[in-house]
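>>> Provided below are the primary sequence and the corresponding predicted coordinates.
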Amino acid sequence: MTDIFAKCCCGSGTICIYCLRFTIISIAMITGALIAWKPKKAIEIQIAFYRLINWEIKPVSMELEIRNTRIMGASVIVAGILALVYIYLL
């Protein structure tokens, strides 16, 4: 298997598009992992944010919301893996 950074062409203070894509995908995958790992905390952060902008939200069923949030986090991880494969093969 070849080096994942073999396509990097950063230099002289600039960031290449490959490294930019890799960074964005990495951040998305880390965020997805955190959401899948701690879904209740993610929901609490969302509720707190909406209170700041004078909105009140609350799930009808917290158990379903936690399950759906965990699935969403896992989906972001899978999408990140697919995006990594795509930029690697591009």
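Right, received. Where do you want to start?

>>> quick check on the residue of the chain positioned farthest from its centre: phi, psi?
No residue in the chain has its C-alpha farther from the mean C-alpha position than residue 12, which lies at 29.3 Å (CA atoms, centre = their mean). Main-chain dihedrals, residue 12, degrees, to the nearest 10: phi 50, psi 50.

>>> residue 41 versus that one, what's the distance?
In this view, residue 12 and residue 41 are 41 Å apart by CB to CB, to the nearest Å. Heads up, the C-betas are built off the backbone N, CA and C, glycines and all.

>>> now do residue 20
Remark: distance between residue 20 and residue 41 (CB to CB) = 29 Å.

>>> likewise for residue 28?
18 Å.

>>> again with residue 65
Where residue 41 is concerned, residue 65 sits at a distance of 12 Å (CB to CB).

>>> more neighbours, the two?
The neighbour count for residue 65 versus residue 41, taken as other CB atoms under 10 Å, is higher for residue 65 (17 against 12).

>>> which residue is the nearest non-sequential neighbour of that one?
residue 59 (3.8 Å; CB to CB, 6 or more residues apart in numbering).
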